[in-house]
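> model the structure of this input:
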Amino acid sequence: MKRIILPLSLILCVMTIHAAVKIDRIDPANWFVGMKNTSLQLMVYGENIRQAYVTTDYDGVKIDSIVRLDSPNYLLVYLNLEGVRPGEMTLNFKNGKAVKKVKYELKAREKRGEERTGFTNADVLYMLMPDRFADGNPDNNDIKGMNPYKTDRSQPNQRHGGDLEGIRRHLDYFKELGVTALWFTPVLENNSPGGSYHGYATTDYYRVDPRFGTNDEYYRLTDEAHAKGLKIVMDMIFNHCGFEHPWINDMPSKDWLNTPEWLYDRKDKTKAEVNRKYMQTTYKLTPTVDPYASAIDLKETVDGWFVPSMPDLNQRNPHVIRYLIQNSIWWIETVGIDGIRMDTYPYADAGAMALWMKTMDEEYPNFNVVGETWVSDPPYTAAWQKDSKISQRNSYLKTVMDFSFHAKINQAKYEDTDGSGNGMNRIYENFVYDYLYPDPSSVMAFVENHDTDRFLGNGRDTAALKQAMAILLTVKRIPQLYYGTEILMNGTKEKTDGYVRKDFPGGFPGDDHNAFTTGGRTPEENAMFTWLSRLLHWRQGNDVITKGSQTQFIPYNGVYVIARRYNSKNVMTVVNGTGRTTVFAVKRYAEVIGNNTEAKDVLTDRTVSLTDDTQLEPRKVMILEF
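Residues are numbered from 1 along each chain as shown. Below is the predicted model:
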């Protein structure tokens, strides 16, 4: 009797034929019919799923292609949904004789893409960190089964327990304050050791972090915010994910990440311990626009990792960028978000990000996305805005962040405005370069955020803060506030970012100071809240501010003036940029004042003469309406 020895490859093939088809998940978990782009990418996760064949008999659905990646545990299925109706289709995954049937829902859209309206310069965005704002459900502070972390409010870099429910319970507070849109730092799962309270290390793109709540709670919060006239802006990150994402220890393909070579030599696969092959980004963003940039400089900026615990995604891989594009669409359709803030925008591949923005603009022409472009030079920022004439490529990104304004207003607050370039001269010079922007009114300005020192530093200079707020809320920009500014929250990053991300007082069980209520605030906090709320409510629906032309005057006698005009209405923001009493010389501003003899200061409701010079106290600010 002869022994028959089968080749190992044949044995494995036979074993595969008889193995059950295993599917752990499919991203996205459902989709929507009636999209302008009818292509749908399904990313299927499962042991040895790569070899499976896929069919469906759902009416109208076509399987355009199946992509078998390097890892045996992923399969990409591209479907064409043109003309398909809503319903539940069955996907048949066959491997040899084994077959697995999976139900997949195709939903009807709640709105057409054109009906999704994003944030504009008519809005004021209120930026907050969910973990630090309010704890509405203490039961979700400690979730079993997640990587080790602590909820400890005494530690600035640990999780503190804030969540989506805490935000939902304070929607009326935002209405009282007068903001119109809420931007949260990322709310998706960050299953990282230590907790990653800030949210910038995504480990599941389709799941709200359970310490913040659930997908349903996110929808409820958004729905109730809309009912109160508030928009919701979602923070996303396409440049990198979290180290604990399933893609890291089992990369779908060798080029799924940028410069992943260092990962192969790790002894402990669970830790981000770097070796000589690791490439760190230089954090220098100039190579992305520099016409003379060297290849190595550009590679280090774009392909280098932000930090070892945040793997750098390769958006040049068409399957990666398609996954990310679909994810943003899924959250718009599923939760109804009104805008996206994209983190670390220039660190990702510019061509791929332009494809994302072009796709979004075609599907949602009235939606809006703001990209973080952290360079304090206006030409750099302007090059990233949609339809820029100074860029070699079109980014299709409608809104960029004015880091120049942030830098200059934070310098000016320490200086006296003089005859050279100090003080309010810096703000004047910032707006001089608005000719570089295709649309200055779609640039987002701010004086502080979660990555910067608080505007107040470790003090409480309310005069400087009021001047900054008056300028921010009356110029041709989309203004963004940072949570707690209205109650004089301060702090610096000298020791850690956590000191500019403190808990909002009254948002957590046991707080003895509740700044959400008039009775709970100190007299100083109430004074600032009332002042800012008055200004914010005045700004709402004010066509002079949102539609008007802008004229600025070179600072004179230490006084900086910005005028806005629309039809027959006028607004002048008048700032004494010195620590001394000075004169507002009205004749200098005759081209704006015209024949008007008096104006109302909207900050005090007092009448101000426009025929006689007015003395301005040190650091005085007026917003004159006439």
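> Val99 falls within a strand, correct?
Yes: applying DSSP: H, G, I helix; E, B strand; the rest coil, one finds Val99 inside a strand.
> in space, what's closest to it - neighbours in sequence excluded?
Asn92 (6.0 Å; CB to CB, 6 or more residues apart in numbering). No exception for glycine: its C-beta is placed from N, CA and C like everyone else's.
> so that neighbour sits right up against Lys103, yeah?
No: counting by CB atoms under 8 Å, Lys103 is not a contact partner of Asn92; they are 11.1 Å apart.
> low-confidence stretches in the protein?
1-18 (pLDDT under 70).
> swap in 90 and give it another go.
Scanning the chain with the threshold set as pLDDT under 90 gives 1-19, 265-273, 392.
> strands of the stretch 451-600 of the chain, start to end?
Using DSSP state E, counting those that start in this stretch, the strands of the stretch 451-600 of the chain run over 478-482, 549-556, 559-566, 569-576, 582-584, 598-601.
> okay if I get those as a markdown table plus mean neighbour count and distance to Met129?
Below are those laid out as a markdown table (neighbours: other CB atoms under 10 Å; distance: least, CB to CB, whole Å):
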| stretch | mean neighbour count | distance to Met129 |
| --- | --- | --- |
| strand 478-482 | 25 | 9 |
| strand 549-556 | 16 | 32 |
| strand 559-566 | 22 | 31 |
| strand 569-576 | 23 | 30 |
| strand 582-584 | 19 | 39 |
| strand 598-601 | 16 | 35 |
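> JSON lines please, covering those and showing distance to Lys299.
Below are the strands of the stretch 451-600 of the chain laid out as JSON lines (distance: least, CB to CB, whole Å):
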{"stretch": "strand 478-482", "distance to Lys299": "32"}
{"stretch": "strand 549-556", "distance to Lys299": "41"}
{"stretch": "strand 559-566", "distance to Lys299": "42"}
{"stretch": "strand 569-576", "distance to Lys299": "45"}
{"stretch": "strand 582-584", "distance to Lys299": "53"}
{"stretch": "strand 598-601", "distance to Lys299": "55"}
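> about what we covered before: and for the residue nearest to Val99, the neighbour number?
Other residues near Asn92 number 15, with proximity taken as other CB atoms under 10 Å.
> neighbouring strands of the strand or helix carrying it in the sheet, and parallel or not?
Assigned by DSSP states H and E, Asn92 belongs to strand 87-95. Within its sheet, and counting by DSSP bridges, strand 87-95 is paired with strand 53-55 (antiparallel), strand 98-107 (antiparallel).
> just the residues contacting the helix or strand following the shortest one, thanks.
Okay, so that is strand 53-55. For strand 53-55, the following helix or strand on the C-terminal side (DSSP H and E) is strand 62-67. Residues from elsewhere that reach strand 62-67 (CB atoms under 8 Å, 6 or more residues apart in numbering): 39, 53-56, 75-80, 82, 319.
> so what are the sheet partners of the helix or strand following strand 62-67 and their directions?
Using DSSP H and E, the next helix or strand after strand 62-67 towards the C-terminus is strand 74-80. For strand 74-80, the paired strands and their directions (DSSP bridges) are strand 39-45 (antiparallel), strand 62-67 (antiparallel).
> what residues of strand 74-80 count as buried?
Across strand 74-80, burial judged by 16 or more other CB atoms under 10 Å covers 74-79.
> would you mind giving these as CSV with distance to Val124 added?
Conversion of the buried residues of strand 74-80 to CSV gives the following (distance: CB to CB, whole Å):
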residue, distance to Val124
Tyr74, 43
Leu75, 46
Leu76, 42
Val77, 43
Tyr78, 41
Leu79, 41
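> can you give me the strands in the stretch 101-250 of the chain?
Going by DSSP E, counting those that start in this stretch, the stretch 101-250 of the chain shows strands at 125-128, 181-184, 188-189, 204-208, 231-236.
> what is the first one packed up against?
Packing contacts for strand 125-128, counted by 3 or more CB pairs under 8 Å, 6 or more residues apart in numbering; DSSP states H and E, involve strand 181-184, strand 478-482.
> and if we set it to 10 Å?
helix 171-177, strand 181-184, strand 231-236, strand 339-342, strand 443-446, strand 478-482 (3 or more CB pairs under 10 Å, 6 or more residues apart in numbering; DSSP states H and E).
> now Arg168, nearest residue through space, not along the chain?
Leu221 (4.5 Å).
> give the contact list for Tyr197.
129-132, 149, 151, 155-162, 185, 190, 209, 211, 498, 501 (CB atoms under 10 Å, 6 or more residues apart in numbering).
> hang on, the earlier thing: just put the strands of the stretch 101-250 of the chain in JSON lines and tack on distance to Arg619 and mean neighbour count.
Below are those laid out as JSON lines (distance: least, CB to CB, whole Å; neighbours: other CB atoms under 10 Å):
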{"stretch": "strand 125-128", "distance to Arg619": "25", "mean neighbour count": "23"}
{"stretch": "strand 181-184", "distance to Arg619": "29", "mean neighbour count": "24"}
{"stretch": "strand 188-189", "distance to Arg619": "42", "mean neighbour count": "25"}
{"stretch": "strand 204-208", "distance to Arg619": "44", "mean neighbour count": "18"}
{"stretch": "strand 231-236", "distance to Arg619": "32", "mean neighbour count": "22"}
